[in-house]
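Q: got a predicted structure here, sequence first:
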Amino acid sequence: MQGHTDISLEEEGHRQAACIGNRLRGCQEPPQAVFSSDLSRALQTAEAIAGPLGLTVQVDPRLRETCLGDWEGLTRDEIHERGEAELLARYQRDPHIHRPPNSETLEQVWERMHLALDTIRERHPSGEVAVVGHGGSLRALICGALDAPLPSMRRFFLENASLSIVDEVGTVGNRYQRLVLLNDTSHLNVLNVLNV
């Protein structure tokens, strides 16, 4: 369980970061700004995107992964050894209701992620923006884009270095979001082809 624990990318993660950076750099309209969580694994990925574009990563701690409290740094076996196997099973079935001890609620994640999104919108009211974060917390933004209830977060998954695209459309006062792409990892296939 990682959560807020600051862990750097390993070699595979750096290769994946380079692949998503190449993909976004090759877009017809590449990002004009890159925002990232302050945790190293996201920040290193964001730098692989921003650097070649001549951009500076804008760091926002609100884009962090969900805090998993006392379970951070533990394996499932270690959680069992703590006598919390039943809580872990309930958490895996319904993480919206059953949380690790001293962890963040999903409502708290939702709130901070959407506050970060408000800041991003203020700074960049138009154009392409890359937001680099974490699978758990980014799902809150996608639920918001879909007007899906918060428990829907557990109904989809985001792979490391995947690409999801949310468009904002409409006129001022009548804007809405739509999900254009979810969890696309086709750019990572180059790792298998090139055997890098």
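A: Done, it's in. Numbering: from 1, shown residues only.
Q: now do the contacts for the most centrally placed residue in the chain.
A: Centroid-nearest residue in the chain, with CA atoms, centre = their mean: His134, separated by 2.8 Å. Applying CB atoms under 8 Å, 6 or more residues apart in numbering, we find His134 in contact with Ser37, Leu39, Arg41, Ala42, Leu63, Arg64, Glu65, Thr66. To be clear about C-beta, it is placed using only N, CA and C from the backbone, and glycine gets the same treatment.
Q: for the longest strand along the chain, which outside residues touch it?
A: In the chain, with assignment by DSSP state E, the single longest strand is strand 174-184. Outside of strand 174-184, the residues within contact range by CB under 8 Å, 6+ apart are 142, 144-146, 156-159, 162-170.
Q: tell me which of those fall in helices.
A: Counting by DSSP state H, the contacts of strand 174-184 place Ile142, Gly144, Ala145, Leu146 in helices.
Q: export the residues you listed to a markdown table and tack on distance to Asn102, pLDDT and neighbour count?
A: As requested, the ones in helices among the contacts of strand 174-184 are exported to a markdown table (distance: CB to CB, whole Å; pLDDT from 0 to 100; neighbours: other CB atoms under 10 Å):
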| residue | distance to Asn102 | pLDDT | neighbour count |
| --- | --- | --- | --- |
| Ile142 | 26 | 95 | 20 |
| Gly144 | 26 | 92 | 16 |
| Ala145 | 30 | 94 | 19 |
| Leu146 | 30 | 94 | 15 |
